[in-house]
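Could you work out the structure for the sequence below:
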Amino acid sequence: MPAAFNRRTGGGFRAKKFRFKRGIKPQKLEMEESIMTNTYGQSFWNVMRGRNANLSALSEKMDGNGGYLTPEEFRAKLDQSLARDNVFRRLGTVIRTTSPEGTIQAVTSTGTADWIADGQAYNESSDTITQFPVYSYKLASLVRLKESFVADNAFDIENYLLNVFARRFGRAEEAAFLNGTGIDQPTGLLSDTGAEVGITAASETVIAYDEVVKLYFSLKPEYRANAVFLMHDDTAMALRTLKDSAGNPIWNAQGDTIFSKPVITTPSMPVAAAGTKPIAFGELSYYWVIERQPLAIKRLKELYSIQGQIGFTAYERMDGKLILPEAVKVLKMAV
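Below is the predicted model of the structure:
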């Protein structure tokens, strides 16, 4: 029996008492935390399969609606999978917080470092502190599985749910981070309060070589260093054939770059049409993804029992917005 096993309750671990005993080595503390993590993970997946579970181990991570926050190991794998389907998970700034609502503070610094003599006063930097309201928008999904699959030990339910939810949530997140209205969803990069317009095209549907050049130089040099181009596949295909007056292509096919900057395609970007913003260029680290609650999953046994199925609902709470509009510029088509 483990030294930290709670004899009175028949389960759980006395983490705090065990942690502060004199003479306990760090290795034992790490082992205890690992055991507690494994206990939660095992109990979580037992619940998902409809088996007996250590409910005391699960109680601290209930979401209030009968669901449970996913185990840390699952969450780490989910983050990696989300990044494959969501450019903002890869290049944006992800902030995790537990407060349901409130504000975040962003600091914009345009100051410099200066050479000064001993005793000379320091020059004040130009730092701007801006507060942004942050909300807990809910993104949810539901999948169904046959009861026989769920009960079968050979069926990898963890990997199945991981792949399904990562694909669904990753794509839905990216679509909102680009086109979200800020009403019941995050504020998108292409919204009126998102990225600044760098250039407006002369045509409603055709993008000219010089307009891409002007978009590039509309972005300040300090943001160009880590900037990327974002566009739809159809826009990328059109730019691949775009040449200057001397016949030089704008697209570098060897590295899929424009002016040495990476081009990232996504189906969530609009195509060139009247009033749309088909190209974004900038540093995406200034788009903040704010996680209010990580993914929680609930098992639905009764709802689909007549069909011999088990349902699994999953949801997360989050917000997102571009905290510095000048860090990303867009090309807007004529109206």
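
sec struct for the most centrally placed residue in the chain, please.
Of all residues in the chain, the one closest to the mean position by Cα atoms, centre = their mean is residue 89, 3.9 Å from it. Look at residue 89: counting by DSSP: H, G, I helix; E, B strand; the rest coil, its state is helix.

Repeat that for residue 229.
Strictly by three-state DSSP, residue 229 counts as strand.

Residue 269 versus that one, what's the distance?
Distance from residue 229 to residue 269, counting by Cβ to Cβ, to the nearest Å: 10 Å. For every residue, glycine as well, the C-beta is placed using N, CA and C.

where do the contact lists of those two overlap?
279-280 (Cβ atoms under 8 Å, 6 or more residues apart in numbering).

how about the nearest residue in space to residue 282 that is not next to it in sequence, what does it touch?
Among residues not flanking residue 282 along the chain, residue 328 sits closest, at 2.9 Å (Cβ to Cβ, 6 or more residues apart in numbering). Contacts for residue 328 (Cβ under 8 Å, 6+ apart) come out as 189, 194-196, 219, 223, 280-284, 286-287, 322.

Those in strands, which ones?
Of these, the ones assigned to strands by DSSP state E are 196, 280-282, 287, 322.

Among those residues, which one sits closest to residue 78?
residue 287 (19.9 Å; Cβ to Cβ).

tell me the contacts of the residue lying closest to that closest one once chain neighbours are set aside?
Of all residues not flanking residue 287 in the chain, residue 92 sits nearest, at 4.4 Å (Cβ to Cβ, 6+ apart). Applying Cβ under 8 Å, 6+ apart, we find residue 92 in contact with 177, 284-285, 287-289, 320.

List only buried entries from those.
Applying 16 or more other Cβ atoms under 10 Å to the contacts of residue 92, the neighbour count classes 177, 284, 287-289, 320 as buried.

among those, which two are most distant?
Pairwise across the buried ones among the contacts of residue 92, and taking Cβ to Cβ, the largest span is found between 284 and 320, at 11.3 Å.

shared neighbours of the two, anything?
88, 92.

Next, the contact list for residue 98, please.
With the criterion set at Cβ under 8 Å, 6+ apart, residue 98 makes contact with 292-293.

Would you confirm that it belongs to a strand?
No - looking at residue 98 with three-state DSSP, it is coil, so not inside a strand.

Quick check: phi and psi on it?
phi -100, psi -10 (degrees, to the nearest 10).

ok, now the one 10 residues further on?
For residue 108, the backbone dihedrals (degrees, to the nearest 10) come out as phi -110, psi 120.

Hmm, residue 326 and it touching each other?
No - between residue 108 and residue 326 there is no contact, the gap being 9.0 Å when judged by Cβ atoms under 8 Å.

Those two: which has the busier surroundings?
Neighbour count, other Cβ atoms under 10 Å: between residue 108 and residue 326, residue 326 has more, with 17 against 14.

And the pLDDT for the more buried one?
Note on residue 326: pLDDT of 95.

hang on, it packs against residue 196?
Yes - if you go by Cβ under 8 Å, residue 326 and residue 196 touch, sitting 5.6 Å apart.

Mind giving me the packing neighbours of the helix or strand where residue 73 lies?
Taking DSSP states H and E as the definition, one finds residue 73 inside helix 72-85. Secondary-structure packing of helix 72-85 (3 or more Cβ pairs under 8 Å, 6 or more residues apart in numbering; DSSP states H and E): helix 26-49, helix 87-91, helix 157-179, strand 287-300.

Can you redo these as a markdown table, where the extra columns are mean pLDDT?
Output for those, formatted as a markdown table (pLDDT from 0 to 100):
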| stretch | mean pLDDT |
| --- | --- |
| helix 26-49 | 69 |
| helix 87-91 | 96 |
| helix 157-179 | 96 |
| strand 287-300 | 94 |
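
so which of those comes closest to residue 264?
helix 87-91 (5.5 Å).

Show me what that closest one is packed against.
Looks like helix 87-91 contacts helix 72-85, helix 157-179, strand 287-300 (3+ Cβ pairs under 8 Å, 6+ apart).

switch to 6 Å and redo it
helix 72-85 (3 or more Cβ pairs under 6 Å, 6 or more residues apart in numbering; DSSP states H and E).

so the helix it packs on versus strand 287-300, what angle?
Orientation note: helix 72-85 sits at an angle of 130 degrees relative to strand 287-300 (axes from the mean of the first three to the mean of the last three Cα atoms, to 10 degrees).

what angle separates helix 72-85 from helix 157-179?
Using the same axes, to 10 degrees: helix 72-85 against helix 157-179 is 40 degrees.

Mind exporting the C-alpha coordinates of helix 72-85 to PDB?
The C-alpha coordinates for helix 72-85 follow below in PDB (Å, rounded to 0.1, in the frame of the first residue of the first chain):
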ATOM      1  CA  GLU A  72      -2.900  16.600 -18.600                       C
ATOM      2  CA  GLU A  73      -1.400  14.000 -20.800                       C
ATOM      3  CA  PHE A  74      -4.400  14.100 -23.200                       C
ATOM      4  CA  ARG A  75      -4.300  17.900 -23.100                       C
ATOM      5  CA  ALA A  76      -0.700  18.000 -24.100                       C
ATOM      6  CA  LYS A  77      -1.300  15.800 -27.100                       C
ATOM      7  CA  LEU A  78      -4.400  17.800 -27.900                       C
ATOM      8  CA  ASP A  79      -2.400  21.000 -28.000                       C
ATOM      9  CA  GLN A  80       0.100  19.500 -30.500                       C
ATOM     10  CA  SER A  81      -2.800  18.200 -32.700                       C
ATOM     11  CA  LEU A  82      -4.600  21.600 -32.600                       C
ATOM     12  CA  ALA A  83      -1.500  23.300 -33.800                       C
ATOM     13  CA  ARG A  84      -1.600  21.200 -37.000                       C
ATOM     14  CA  ASP A  85      -5.000  22.500 -37.900                       C
END
